[in-house]
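*Asks:* Based on what follows, work out the 3D shape:
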Amino acid sequence: MNDTAATYSLLSAAAVRERAHRMLAAGLDGNLANFAIDLGKLDATAEMVLATTRAAYPSLDVPFHSRWRHFVIGGVDRFARLAAAARWPDKAARARAAFDLAIISVFLDAGAGPDWRYRDAVTGQAIGRSEGLALASLDMFARGAFSARADDPLRVDAEVLAGLTAQALSDGFQVSNTNPLVGLDGRAALLRALGQLARGNPAVFAGQDSARPGGLYDHFAAMTGTGALAAPAILSSLLRELGPVWPSRLSLANVSLGDCWRHAAITAPDATDGLMPLHKLSQWLAYSLIEPLQDAGIVVADIDGLTGLAEYRNGGLFVDTGVLTLRDPRQAEIAHDVGSELVVEWRALTVALLDRLAASLRIKLGMDATRLPLAKILEGGTWATGRAIARSRRPDASPPIKVVSDGTVF
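*Replies:* Residues are numbered from 1 along each chain as shown. Okay, the predicted model is just below:
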């Protein structure tokens, strides 16, 4: 492949999965510097995940792992209630608003850190981590904080995002000296970049309205024709259209590679040699856009074509259950840069092990990938089990490996 073709090959779920399994193979052969792998402990891990899933969803009717789950607080679906009270001219208008919210909320969803909390005005509860970030973004959205139109608050306009300040985000997320949020400036910069991108690309983001992230709904609707839209195609499109938003890291052929990092174990005969794509937040976003598309009447196929998410709850699950062990235990006491080979290795192994775990769960339950896709296993699931075991082992429920993040990875 030429450099351009090789570059775009990395912007896919298939590349994440194929290279992650190569990382796992290298680890099973004892050729990784940072982690040893014990697949003998995978069955016990699967049993833990199954128990967690049955406790939360006794009928095994598990929803998709997506941002929408975090808008349900105390059994009340806050977005559904908000949307039901609004007047939508058609399904597409509601879908654009749902896209607006999902996109900004996922962009703001990198780890909040152990000390930040968002106090819910309805319940008075102080909520941290991903759920707190979700509620904070939903409340700002509901107030019209991202809208340029007083008569239409439930929208996110590119011009508003482009001018968003860290102070405005700080105020909306209740940040203070005693309530610090990791990566606040990075999050604000990310949303400004999103606004600038959407404003500068009307063909994608302003097809049926003024420029807004939700314009991507019309872009995807046009891709379907009369057939279904494949979930991996959603991801590839997100990576291409939103790629320039992410902080400048690695690039090839003048294309930003986003959540893609170097690791010596991944070899290739072209310009992608040594590169390990992971695309965690983009895949989380792809999962989160499936339901608005379905609600609008668009069929989404091959949902299991997306991969598991390379983040610290799923990855922590495998470390805390002993499937993965650090070759040098002292590394658990050190904070590692997100681009370090140790972290890249950990995240890639997480993706491949989630596939192995999914296969085990499907055998145990007599289900196939259509009935039990990764989107449900993550929700059921691995993420909740990873959090629960972290909470049982460490007072602050932190991951077993410390990662220095700028608020734009995980």
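
*Asks:* And for Ala134, the neighbour number?
*Replies:* When neighbours are defined as other CB atoms under 10 Å, Ala134 has 26 of them. Using the backbone N, CA and C atoms, a C-beta is placed for each residue, glycine as well.

*Asks:* Apart from its neighbours in sequence, what residue is nearest it?
*Replies:* Spatial nearest neighbour of Ala134, excluding adjacent residues (CB to CB, 6 or more residues apart in numbering): His70 at 3.4 Å.

*Asks:* got it, and Ile377?
*Replies:* Ala358 (5.1 Å).

*Asks:* residues in contact with that neighbour?
*Replies:* 308, 369, 372, 374, 377 (CB atoms under 8 Å, 6 or more residues apart in numbering).

*Asks:* thought the fourth one was touching Thr307?
*Replies:* Yes: with contacts defined as CB atoms under 8 Å, Leu374 counts as touching Thr307 at a distance of 7.0 Å.

*Asks:* any common contacting residues for those two?
*Replies:* 354-355.

*Asks:* could you flag which of the contacts of Ala358 are buried?
*Replies:* Among those, those buried by neighbour count (16 or more other CB atoms under 10 Å) are 308, 372, 374, 377.

*Asks:* Reformat those as CSV; add distance to Ile401.
*Replies:* Output for those, formatted as CSV (distance: CB to CB, whole Å):
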residue, distance to Ile401
Gly308, 17
Leu372, 28
Leu374, 22
Ile377, 22
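
*Asks:* follow-up on the earlier one: give the buried residues for the host helix or strand of the residue nearest to Ile377.
*Replies:* In the assignment (DSSP states H and E), Ala358 maps to helix 341-365. Using 16+ other CB under 10 Å as the test for burial, helix 341-365 gives 341-358, 360-362.

*Asks:* Now the strand or helix carrying Val49: buried residues?
*Replies:* Per DSSP H and E, Val49 falls inside helix 42-56. For helix 42-56, a neighbour-count test (16+ other CB under 10 Å) marks 42, 45-46, 48-50, 52-53 as buried.

*Asks:* Double-check that Tyr118 belongs to a helix.
*Replies:* No: assessed by DSSP: H, G, I helix; E, B strand; the rest coil, Tyr118 does not belong to a helix; its assignment is strand.

*Asks:* quick one: the closest residue to Thr45 other than its chain neighbours and Ala390, what's the gap?
*Replies:* Spatial nearest neighbour of Thr45, excluding adjacent residues (CB to CB, 6+ apart): Thr321 at 4.4 Å. Per CB to CB, to the nearest Å, Thr321 is found 11 Å from Ala390.

*Asks:* again with Val62
*Replies:* For Val62 relative to Ala390 (CB to CB), the value is 21 Å.

*Asks:* for Gly227, same thing?
*Replies:* Distance from Gly227 to Ala390, by CB to CB: 42 Å.

*Asks:* just Arg17 next, same as before
*Replies:* For Arg17 relative to Ala390 (CB to CB), the value is 25 Å.

*Asks:* ok, now which ones touch the residue lying closest to Ala44 once chain neighbours are set aside?
*Replies:* The shortest distance from Ala44 to any non-neighbouring residue, by CB to CB, 6+ apart, is to Thr321 (6.7 Å). Contact analysis of Thr321 by CB under 8 Å, 6+ apart lists 41, 44-45, 48, 389.

*Asks:* Next one: the most centrally placed residue in the chain from Thr307, what distance?
*Replies:* Nearest residue to the geometric centre of the chain (CA atoms, centre = their mean): Trp284, 2.7 Å. Noted for Trp284: a distance of 11 Å to Thr307, by CB to CB.
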